[in-house]
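Trainee: Predicted structure and sequence below. I'll ask about it afterward.
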Amino acid sequence: MDRETRKFWQQRRREMLRRDRLAGRGAFNDAPITKVLLGLMVLAWLVMNFFSGTLAVVLSGPAGGVLTYVLSALYPGGLLGLLFEGVFVWIVGSAIEPMTRWWQYLVVFFGSAFIAGAVEHLASVAGAGASLAAFGLAGAYVRVMMSHHMEGAVRWALILLLFNLVLSGFQPLAMIGILTAFGAGFVLAVAVQIDR
């Protein structure tokens, strides 16, 4: 990141730590929603890989449809997906969470994952492979940085997006999902006015 962007984030961090001290919270409460979502991603991975039989019974129940959508937004795919997506959610999510209200953050996280998953599903007979919420957060991050005129941060996020496209092997379905989630996150950030 360029010097201007680093200065901006250092100032935001100081403000956040000062606010936490005044509220009586510790330094580890900087991004509580992000931490809860990361925990839920780990839980979703464990359930999908080790308790799939029990999960199938639960999903066949009356709330199975809703639970399927929530699980698809949280399930990172394999262990490597959990690692990479977890780090990606931590980096981007903890950066924008302090600038959002809790409901704005959740709208971007789940909304972008649902939209991208639906587009992936329509583009292929196969279901979506992994959660795309991290890329929705990246789209929201770019929107927030654009509103603060932080071009260095925007370049950093776009390079990170390109890196993930390369890691996907430029598979058409993965590219559609990643780019849709990124665009949905950007549009949802505008719609819920995260940059205000």
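Mentor: Noted; the coordinates are in hand. This one's a predicted model, so the numbers in the text were calculated from it and none came from an experiment.
Trainee: CA atoms for contacts and neighbours, from now on please.
Mentor: Noted.
Trainee: which residues in this protein form helices?
Mentor: According to DSSP state H, the chain carries its helices in the segments 3-23, 32-50, 52-59, 64-74, 79-96, 102-123, 133-147, 151-167, 172-191.
Trainee: Let me know the angle separating the second one from helix 79-96.
Mentor: Read that as helix 32-50. Going by axes from the mean of the first three to the mean of the last three C-alpha atoms, to 10 degrees, helix 32-50 is angled at 170 degrees with respect to helix 79-96.
Trainee: what about the chain, any weak spots by pLDDT?
Mentor: The model of the chain has pLDDT under 70 over residues 1-2, 19-29, 125-130, 195-196.
Trainee: which residue is nearest the centroid of it?
Mentor: residue 134 (2.7 Å; C-alpha atoms, centre = their mean).
Trainee: what's around residue 147, how many residues?
Mentor: 13 (other C-alpha atoms under 10 Å).
Trainee: Residue 177 versus that one, what's the distance?
Mentor: 25 Å (C-alpha to C-alpha, to the nearest Å).
Trainee: Tally up the residues packed near the closest residue to residue 168 other than its chain neighbours, please.
Mentor: Sequence neighbours aside, residue 174 is the residue nearest to residue 168 in space, at 6.4 Å (criterion: C-alpha to C-alpha, 6 or more residues apart in numbering). Residue 174 is flanked by 20 other residues according to other C-alpha under 10 Å.
Trainee: next one: residue 66
Mentor: 11.
Trainee: Contact partners for the closest residue to residue 150 other than its chain neighbours?
Mentor: Spatial nearest neighbour of residue 150, excluding adjacent residues (C-alpha to C-alpha, 6+ apart): residue 5 at 5.9 Å. Shown in contact with residue 5 (C-alpha atoms under 8 Å, 6 or more residues apart in numbering): 150-153.
Trainee: just those residues now: which is nearest residue 68?
Mentor: Proximity of those to residue 68 (C-alpha to C-alpha) peaks at residue 153, which lies at 34.3 Å.
Trainee: State the number of residues packed around residue 186.
Mentor: 24.
Trainee: do the same with residue 101
Mentor: 11.
Trainee: Report the separation between it and residue 107.
Mentor: Applying C-alpha to C-alpha to residue 101 and residue 107 gives a distance of 10 Å.
Trainee: Kindly export stretch 177-190 (C-alpha atoms) in CSV.
Mentor: What follows is stretch 177-190, C-alpha atoms only, in CSV (Å, rounded to 0.1, in the frame of the first residue of the first chain):
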residue,chain,number,x,y,z
GLY,A,177,-18.5,-16.6,-9.1
ILE,A,178,-15.6,-14.5,-7.9
LEU,A,179,-16.4,-11.6,-10.2
THR,A,180,-20.1,-11.7,-9.4
ALA,A,181,-19.4,-11.7,-5.7
PHE,A,182,-17.0,-8.8,-6.1
GLY,A,183,-19.5,-6.8,-8.1
ALA,A,184,-22.3,-7.7,-5.7
GLY,A,185,-20.3,-6.6,-2.7
PHE,A,186,-19.5,-3.3,-4.4
VAL,A,187,-23.2,-2.7,-5.4
LEU,A,188,-24.4,-3.8,-1.9
ALA,A,189,-22.0,-1.4,-0.2
VAL,A,190,-23.4,1.4,-2.3
